[in-house]
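> here is a sequence with its predicted model. Questions after.
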Amino acid sequence: MKKSLRINWVLPRPSLSGGIKSNRLIAEAMVRRGHQVRILYVNVPAPMPPIRRVLKVMRYWINRYKAMHKQQHHLEYSTAELVPVDHQPICEEDAPDADISIATWWETVHWIKDWSPSKGKKAYFIRHHELHGGDSNKVIETYELPLKKLVIANWLKRIMLEKYRDDDVTLIPNGVDWTQFNFKQRAKQTTPTVGLLYGIVAWKGAETAFKAVRLAQIKIPNLRVICFGSHPIDSAQNLPDNFEYHFRPSQNAIPELYRKTDCWLLPSTLEGFGMPGLEAAACGCPIISTRCGGPEDYVKDGHNGYLVDVGDAVAIADCIVKVVTMSPSTWQQMSHNSANYVKNFDWDISAKILEQSLLKLAAK
């Protein structure tokens, strides 16, 4: 009989990021497989900028006001047991005894690395090469620790081998919630439409995407843009024409936003996985992505979208024009290709792989 594992998932402060969402969804898939899963997370507000940074303080409070009646983060509910911790870092005494404790961000590795054996064997769910996320020396230290590594994309598996000499790394791809992001056959939009996620960090590539859309609009002046994100749009951005922004749309609204587009952009400079791209593909969107890591696992150039070099706004613009001017039958074939190509990205399939890895780890 299969052993039921007691698993502690250790998260930082939650947000609407894909990392938080995907941790919750794979944890819930493990619950469906009969395991006892607790998600521990930091339950304190993000710190306010120093008072001397007047503009940043003003923006902080304006953003909090605008988000007041919106979803705050991806841990507002779960079928896994949620354990909010009202301080940071999360300490050993905050965690129940377990068979496995999983760190999910480089800081959380430092929190759990010295926990006693009663908290279980330790694993590290790696969702990005997180050198951008803090002191790079402390980040690198986490990859060199002898924790069981779980990665979400092939490029991360290669990095763990090539840079950190770890060949015992398990690939646990992100999945699609097929009850939410399911394919519905559709035609091209009456008005050519492109979609993207807006992110405030530079590596998300919003500036490149906006430049690409503006270039595409020279050839297709009525090209429409549907964009959503978890931050108010930066008024200093040089936005394209015909721009429609959805600030923190409900999770139920997001599939319909994907379905209103002819193609979805992923303009990042480096992307752990790119959850919106996978979800958009599941909804039948051709994907235009940079060769930035994660999306290369689910975008096949010329089949269900196009891959271009990082930062190449001209190439992105050319691909936008190519997709939105395709014949209806050619576009519909690429739309079908997108949904079919990602059909094996499934949380329950990934949970089965994860289960095998964790059972092996627990038995050591």
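It's in.
> gap between stretch 206-214 and the chain center?
Averaging C-alpha positions (CA atoms, centre = their mean, to the nearest Å) puts stretch 206-214 20 Å from its chain's average.
> where does the stretch 1-150 of the chain dip in pLDDT?
1, 48-49, 52-62, 64-67 (pLDDT under 70).
> backbone dihedrals for the closest residue to residue 27 other than its chain neighbours, please?
Setting aside the residues directly before and after it, residue 27 is nearest to residue 80 in space (CB to CB, 6 or more residues apart in numbering), at 4.6 Å. No exception for glycine: its C-beta is placed from N, CA and C like everyone else's. In this entry, residue 80 is assigned phi and psi values of phi -80, psi 160 (degrees, to the nearest 10).
> all strands for the protein, in order.
Secondary structure of the chain (DSSP state E): strands located at 6-11, 36-42, 81-85, 100-103, 121-126, 148-151, 169-171, 193-197, 224-229, 243-247, 263-266, 287-290, 305-308.
> any chance of these in TSV, plus mean neighbour count and distance to residue 30?
Rendered in TSV, the data for the strands of the chain read as follows (neighbours: other CB atoms under 10 Å; distance: least, CB to CB, whole Å):
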stretch	mean neighbour count	distance to residue 30
strand 6-11	26	6
strand 36-42	22	5
strand 81-85	16	12
strand 100-103	27	10
strand 121-126	24	12
strand 148-151	22	12
strand 169-171	17	14
strand 193-197	24	27
strand 224-229	21	29
strand 243-247	14	31
strand 263-266	28	28
strand 287-290	28	28
strand 305-308	22	31
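> so can I have JSON lines of the ones you listed showing distance to residue 29?
Formatted as JSON lines, the strands of the chain follow (distance: least, CB to CB, whole Å):
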{"stretch": "strand 6-11", "distance to residue 29": "12"}
{"stretch": "strand 36-42", "distance to residue 29": "9"}
{"stretch": "strand 81-85", "distance to residue 29": "15"}
{"stretch": "strand 100-103", "distance to residue 29": "14"}
{"stretch": "strand 121-126", "distance to residue 29": "13"}
{"stretch": "strand 148-151", "distance to residue 29": "13"}
{"stretch": "strand 169-171", "distance to residue 29": "15"}
{"stretch": "strand 193-197", "distance to residue 29": "23"}
{"stretch": "strand 224-229", "distance to residue 29": "25"}
{"stretch": "strand 243-247", "distance to residue 29": "28"}
{"stretch": "strand 263-266", "distance to residue 29": "24"}
{"stretch": "strand 287-290", "distance to residue 29": "24"}
{"stretch": "strand 305-308", "distance to residue 29": "26"}
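> shaky segments in the stretch 151-300 of the chain?
235.
> kindly recompute the last result at 80.
By pLDDT under 80, the low-scoring segments of the stretch 151-300 of the chain are 234-237.
> who's in contact with residue 174?
Under the criterion of CB atoms under 8 Å, 6 or more residues apart in numbering, the contact list for residue 174 reads 18, 22, 26, 152, 273, 275, 278, 345, 350.
> for residue 358, state which of these is nearest.
Taking CB to CB as the measure, residue 358 sits nearest to residue 26 out of those, at 11.3 Å.
> thought that closest one was touching residue 152?
No: Residue 26 lies out of contact with residue 152 (CB atoms under 8 Å); the separation is 9.1 Å.
> give me the common contacts of the two.
Jointly contacting residue 26 and residue 152 under the rule CB under 8 Å, 6+ apart are 172, 174.
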